[in-house]
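Undergrad: Sequence first, predicted coordinates after that:
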Amino acid sequence: MDSPLQSKRADQRRKSKRSPNQSSTPPQKDAYARLLGQHHSSKFRAYLDQYVHESSTQVDDNGPASPFAQSHSDRVDTAQATKGRHQAAVDFPDSSGFSLSSVKDRCEESALSLYMEKLNGGGGGGGGGTMTQDTDRKQGVGERQRRGPRRDTTTSHDGDVDSAEENGSSHKPVDAKQQLLQQQQQQQQQQRQPKKNKVPNRDSSHQLDAQASALHPNLSTQDQEKRKKQQNQQEENRGAEVPGPKTPLGKAKHMQKSQGNSPGGEKNMKNRGARGFKKRVFEAYLSHEDVSHGLKRGELLQGPLRINPKNYNDAFIPSPDGMRDIFLDGIVSRNRALNGDVVVVQVLPREQWKVVKSDTDCEVSSESEPQAGKTAQRKKSPQKKRAGPPPTGSDVVVEDQYSDGDDLPTRVEAVSLGGADNGKRARPLEDLSSDGEILQRTAKVVYIVERKHSRAVTGFLKFLPDMPFAKFSPVDHRVPRINVPLADCPQDFSSRPADYANILFICRITSWSEDSSFAEGCLAKSLGQAGEIEPETEGILIEYDVDFSEFPDEVLACLPTSLPWCIPPEEMSQRRDLRKECIFTIDPATARDLDDALSCKQLPDGNFEVGVHIADVSYFVDEGNALDAIASRRATSVYMVQKVIPMLPRLLCEELCSLNPLTDRLTFSVVWTLTPQGKILSEWFGRSVIRSCVKLSYDHAQSMIDAPDKLFSPEELPPIDPQHPLDEIHQAVLHLHAIAKQLRAQRFEGGALRLDQLKLSFTLDKESMMPQGCYVYQYRDSNKLVEEFMLLANMAAAHQIYRSFPQQAMLRRHPPPQTKMVDELQEFCDQMGLAVDFSSAGALHTSLHSTLGDDEYASARKEVLTKMCSKPMQMAVYFCTGVLKDELLFRHYALNVPFYTHFTSPIRRYADVVVHRLLASSLGCGPRLGLQGDEVQAQASHCNDRKTASKRVQELSSELFFGVFVKECGPLDSEAMVMGVLDESFDVLVLRYGVQKRIYCKSMAGVESFQHHRVGKRGEITLVWAPEEPRQPALRQVISVFSLVEVQLRADEAALKYSAVLKRPQDKES
């Protein structure tokens, strides 16, 4: 039963509606002026202009304005309107949603009525607004939903949360306009009722009360019930998206803010009123003490975060037990951590673990495309199948000085290994659900131990009308969009944003608060036009935190000042003089930092004296000075296609330390006495002086190996020291080659592994440095010759420094591959009929060279299988021997040796400089290393990080130049071999260029349909090509691993990007 007050207000409402002849001058101008003071959008202003014009015309032509509009003009003078004015301005939907063309179609959605709705229902001063807001907060409805979708803050490509509509969510944001329409329709229905007791009411305050009673949700029990039902329905539609961490990405979608995060965070919330509250998007980090205790108790896990570059929602950390990776779903579960950061995670409850279709689906989950799957709690909710290769392949080879091949990837990638477990191994019980389904643990980040990501990214600016900031969209989708203050943008950016549409910028993330899906940042630099090599290159270097600045004066002051520099006599007297020996270098033809040389002399007894001579960089770089400090920070030289970013000043790299021919140079030498079969009879380490007699390239050395009886003329080789005839050098190369073959055979017989992969090289125009051609680099006998002796020297140095400094030695270890990953790959190979033995490194090496046939495509199959076998491999890393107590952990899996280090490249690797200092101290020809065990480990860890970054920069540089090559010279045709099959796409290795690309079935022209299915453990896709002639039948093509296909590489519209397009097969069953 209605209260007397409600009955009175209802009667007043009826009276106000029965007063069509009411005469008053509607003060629309006053209300309009107040609205303009609160809303600054130009589109909204134009909208109101037209509304006022139409309203005034209606008053002139059809009599007085409606009581509804009249009550609006009066209401804005009330205290309630004054109180809600700021909230209404904040709450109003994006002005970009308004257009003049839509006014006539939605005449009832007047600006003033919408304003009234905002005052009453959207957070004004009345209790109804407060109740609605509080209810929304309780249900997890974010500001984004209350305001409606924003077109200028959503994209599927920018690595942050999309709107619910664009993600196909079943829940739609609360739309204030729709609520207003419903209320106005109710009013119209009431107006159509029989008109009784028509009493004019000229009291504007009574009209205000009546209108408020009609619109206010709190004053009608029926309205309250209706609103409650709507909210309950919205809660049901949201399902599990908002509450709980089970699907964190869904939670983030409903917490997204269009305003960005303020620098003050929650400290500024106190003065914002009821609408100033921001709901948290991310959880607060645990304290350092809680994290320490949690790690000790095993309740928390620590590891490096790896975000899928093909799907930024998927992230992983390696499992400490070596089993399948732990999955982090969405940016909310990552809790503001970026790719590469060392994080601490908390494993979610078992019912929230991820259910996968097969045991292998979660094992190959680091790079994926969306697939069907489920969670343990909701088996029908959409999830993803984790599979897919990375954008570039990794060179997986054993340790050598020429490639970073020991950097075996930590991730596991797609090789189409789906299928049920065949019972060959026991699966832990915690891997299975109660229904026997296979589970993958999920987790959330609770602490960031180390922010290894540089927080600098390249990308583009986008202007946001009526916003105090611009949107920065990173090129790397794994990084969130960033709000950049307009004051930090170019001066004319706001007035001429189109001028900057194709300009690359560098932006640094400065903060990322808990209550915002967007980070905040500042522009560091404008790089130039996107698609040009130099701006793109500079962006890559900055993004991976590569220091390419000029060396400061205090660093250069550490170098010798008197040039040309000569070896001091006192230093010469303390070294072994090898200047009269036949010593030479073998390097790439373009190399300028020559840090190793070889010598080989046959002894009267038929044995050989073989020497490896390494530039003595530690003589010029004193420990602790400014030069040493910058070298330790850079940690490595960075090799790009067109240039090198050196670790040391060029005076050292290319002059004083480089073993240039016909010049006396300081070296650290290891000299062995070897039998022709490669057996070591004796070994000597020490500091020396050499004089290289010639600088040979790999091509020169290869020509000598290929023509052992040829008499080379001086014109065929670089300048040679006249003291050493050309034939002496030729014979030394041949002897080294013969011994290297023996050493190599012994290594592989002893269980070593080498996983060679294709490497792309370029020929550049000397003036423009643009690519003129590209080719797959050939690894030949001359490369193998140098590799064997560098490996031998590195192993010898490792034994020497570990014997002398068991707590301080910096060694390099390579853990064995992840057992579970290897087991799954073994099952796949068995299904394919491949006799591949994964029991040890040596067994795998033997299998790869004996099981793939002898036809013309055997090498291609080997390349594909090699890439598959590289996926379970872990990284080789530097470490301090005092940190690990178990010597078994020192082993190098690929080389199958107990001790290994890097000694042979001190010009370009700081780890080698540390090893040289340890070696000199162990031999009594240098001071003791100043670093203690923990400091050595810290430097080793830093070297690992910089080596990984350097390798990625090298890969991106190659991708950049190949993109230019495809654009300038494409399209390019090539044969390709399928190396992985997913549900709706497949990966191919382009044989002519050694690149791998993903081909998506849905985007293939000419394909009528496709179907994915499994044959045992193998995935296959059947493509149905449309007939070329009306009467011809459709052409079927089966795609599976090792299938040979024809592809064409074409440049994309995006700058320097390219795609692989599958060419139609011949008219026969494929």
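TA: Yep, it's here. Numbers count the residues shown, from 1 in each chain.

Undergrad: what is the rounded mean pLDDT of stretch 613-624?
TA: With pLDDT averaged residue by residue, stretch 613-624 scores 95.

Undergrad: typed the wrong thing, it's stretch 506-517
TA: 92.

Undergrad: Can you give me the end-to-end span of it?
TA: Counting by Cα to Cα, to the nearest Å, you get 20 Å between the two ends of stretch 506-517.

Undergrad: before we move on, what about stretch 692-707?
TA: End-to-end distance of stretch 692-707: 23 Å, with Cα to Cα as the criterion.

Undergrad: same check, this time on stretch 872-891
TA: The straight-line separation of the ends of stretch 872-891 (Cα to Cα) is 17 Å.

Undergrad: tell me the mean pLDDT over it?
TA: This predicted structure assigns stretch 872-891 an average pLDDT of 92.

Undergrad: How about stretch 852-865?
TA: Along stretch 852-865, the predicted confidence averages to a pLDDT of 82.

Undergrad: got the contact list for that stretch?
TA: Contacts to stretch 852-865, defined as Cβ atoms under 8 Å, 6 or more residues apart in numbering, come from residues 757-758, 829, 834, 836, 848-849, 975, 977-979, 989, 991, 1041-1042, 1044. Using the backbone N, CA and C atoms, a C-beta is placed for each residue, glycine as well.

Undergrad: try stretch 785-797
TA: Where contact means Cβ under 8 Å, 6+ apart, the residues beyond stretch 785-797 that reach it are 398-402, 586, 596, 598, 610, 612, 614, 670, 672, 683, 685, 701, 705, 733, 736-737, 739-740, 743-744, 747, 895, 897, 899-904, 915, 919.

Undergrad: and what of stretch 703-718?
TA: Contacts made with stretch 703-718 from outside it, assessed by Cβ under 8 Å, 6+ apart, are listed as 661, 694-697, 700, 720, 726-727, 730, 733-734, 737, 781-782, 785.

Undergrad: among those residues, which are in strands?
TA: Secondary structure of these is defined by DSSP state E; positions in strands are 695, 696, 697.

Undergrad: Quick check: of the residues you listed, which lies closest to residue 284?
TA: Minimum separation from residue 284 among the ones in strands among the contacts of stretch 703-718 (Cβ to Cβ) is found for residue 697, which lies at 58.9 Å.

Undergrad: follow-up on the earlier one: in the contacts of stretch 703-718, find the pair that's most separated.
TA: For the contacts of stretch 703-718, the farthest-apart pair by Cβ to Cβ is 661 and 781; their separation is 22.6 Å.

Undergrad: higher neighbour count, these two?
TA: Taking neighbours as other Cβ atoms under 10 Å, residue 661 and residue 781 compare with residue 661 leading, 20 against 15.

Undergrad: Would you check that residue 527 makes contact with residue 459?
TA: No: with contacts defined as Cβ atoms under 8 Å, residue 527 does not count as touching residue 459, sitting 10.1 Å away.

Undergrad: and for those two, which residues touch both?
TA: Counting by Cβ under 8 Å, 6+ apart, the contacts common to residue 527 and residue 459 are 504, 505.

Undergrad: So for these two, which residue has more residues nearby?
TA: Using other Cβ under 10 Å as the criterion, residue 527 and residue 459 rank with residue 459 on top: 23 against 19.

Undergrad: Identify the residues contacting the more buried one.
TA: For residue 459, the contact set (Cβ under 8 Å, 6+ apart) comprises 472, 473, 474, 475, 476, 482, 504, 505, 507.

Undergrad: Report pLDDT for the second one.
TA: Meaning residue 473. The pLDDT attached to residue 473 in the predicted structure is 94.

Undergrad: Let's verify residue 930: helix, strand, or coil?
TA: With DSSP: H, G, I helix; E, B strand; the rest coil as the basis, residue 930 sits in coil.

Undergrad: Spatially, what comes nearest to it if we skip its sequence neighbours?
TA: Across the structure, with Cβ to Cβ, 6 or more residues apart in numbering as the measure, the residue nearest residue 930 apart from its sequence neighbours is residue 623 (5.2 Å).

Undergrad: can I assume the one you found is in contact with residue 920?
TA: No: counting by Cβ under 8 Å, residue 623 stays clear of residue 920, with 10.8 Å between them.

Undergrad: Quickly list what's touching both of those two.
TA: Counting by Cβ under 8 Å, 6+ apart, the residues touching both residue 623 and residue 920 are residue 927.

Undergrad: More neighbours: these two, which one.
TA: Set side by side, residue 623 and residue 920 show unequal neighbour counts under other Cβ under 10 Å, the larger going to residue 920 at 22 against 17.

Undergrad: so what's the more buried one up against?
TA: Taking Cβ under 8 Å, 6+ apart, we find residue 920 in contact with 618, 668, 687, 926, 927.

Undergrad: Select the helix or strand of the protein having the lowest average pLDDT value.
TA: Ranking every helix and strand in the chain by mean pLDDT, DSSP states H and E puts helix 248-253 at the bottom, with a mean of 36.

Undergrad: Secondary structure element holding residue 667?
TA: strand 664-674 (DSSP states H and E).

Undergrad: which helices and strands does that strand pack with?
TA: Under the contact criterion of 3 or more Cβ pairs under 8 Å, 6 or more residues apart in numbering; DSSP states H and E, the helices and strands touching strand 664-674 comprise strand 608-615, strand 680-691, helix 781-804, helix 910-922.

Undergrad: on that earlier part again, just curious, which of the contacts of residue 459 is nearest to residue 964?
TA: When the contacts of residue 459 are compared for distance to residue 964 (Cβ to Cβ), residue 504 wins out at 15.3 Å.

Undergrad: any idea which element that closest one lies in?
TA: Taking DSSP H and E as the definition, residue 504 sits inside strand 503-511.

Undergrad: Pull out the buried residues from that strand.
TA: Neighbour counts over strand 503-511 (16 or more other Cβ atoms under 10 Å) mark 503, 504, 505, 506, 507, 508, 509 as buried.

Undergrad: now swap in stretch 781-795 and tell me
TA: Residues 782-795 are the ones in stretch 781-795 that count as buried (16+ other Cβ under 10 Å).

Undergrad: Can you convert the helices and strands packed on strand 664-674 into TSV and add a column each for distance to residue 306?
TA: Rendered in TSV, the data for the helices and strands packed on strand 664-674 read as follows (distance: least, Cβ to Cβ, whole Å):
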stretch	distance to residue 306
strand 608-615	35
strand 680-691	40
helix 781-804	29
helix 910-922	24
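
Undergrad: Just the residues contacting stretch 626-635, thanks.
TA: Here stretch 626-635 has contacts from 547, 551-552, 554-555, 557-559, 620-622, 647-649, 909-911, 913, 939, 942-943, 945-947, using Cβ under 8 Å, 6+ apart.
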